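S.K.: fold the following.
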Amino acid sequence: MAKNTWSAKINRTVTSVLPVSKHRNGQCRQCGACCHLPNRCFFLRKSRSGIYRCVIYPIRPLNCRKYPRSESEWITPETCGFMFRPDTRPGSGKRIRNWIRTHHLAGILNLLRLISMHLHSRG
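M.R.: Alright, predicted model coming up:
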């Protein structure tokens, strides 16, 4: 997974002129996670209901419009509404294993956290 650093942010900005991966699908959930990469964006606002919005949304930069542009730049799989379909071409087994690990393991870990929180709140 990509790192959440200023160097990674610069890389995402420079490569934002490239097309979005054809394997990406889904849509933004307005979680605001990508707007905290690597620091909270000045233009990000949070409503009382917990929904994030960008005050410059119509003119936001390309790296914001296209995040996550590729799976290698995807830092927020736990919250992001976008996903990447596995590459089913011959020889793409490693990519499929990475996709399964990223999507299914994260879901299982989140479920275990919820169960743990529930059990701790009861006792």
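S.K.: average pLDDT for the helix or strand hosting M117?
M.R.: Element membership of M117, judged by DSSP states H and E, is helix 106-122. Helix 106-122 shows a mean pLDDT of 70 in the predicted model.
S.K.: ok, now stretch 79-97?
M.R.: Averaging pLDDT along stretch 79-97 yields 71.
S.K.: tally of neighbours for the closest residue to G26 other than its chain neighbours?
M.R.: Using Cβ to Cβ, 6 or more residues apart in numbering and skipping the chain neighbours, the partner closest in space to G26 is F82 (4.1 Å). No exception for glycine: its C-beta is placed from N, CA and C like everyone else's. When neighbours are counted by other Cβ atoms under 10 Å, F82 registers 20.
S.K.: ditto for V20
M.R.: V20: 14 surrounding residues under other Cβ under 10 Å.
S.K.: the most centrally placed residue in the chain and S116, how far apart?
M.R.: Taking Cα atoms, centre = their mean as the criterion, T76 is the residue nearest the geometric centre of the chain, at 3.0 Å. Distance of T76 to S116, given as Cβ to Cβ, to the nearest Å: 22 Å.
S.K.: same thing with Y57?
M.R.: In this view, Y57 and S116 are 36 Å apart by Cβ to Cβ.
S.K.: residues touching the residue nearest to the centre of the chain, list them.
M.R.: Neighbouring residues of T76 by Cβ atoms under 8 Å, 6 or more residues apart in numbering: C31, A33, C34, L37, P68.
S.K.: am I right that N39 sits in a strand?
M.R.: No: in this structure, N39 is coil, not part of a strand, as judged by DSSP: H, G, I helix; E, B strand; the rest coil.
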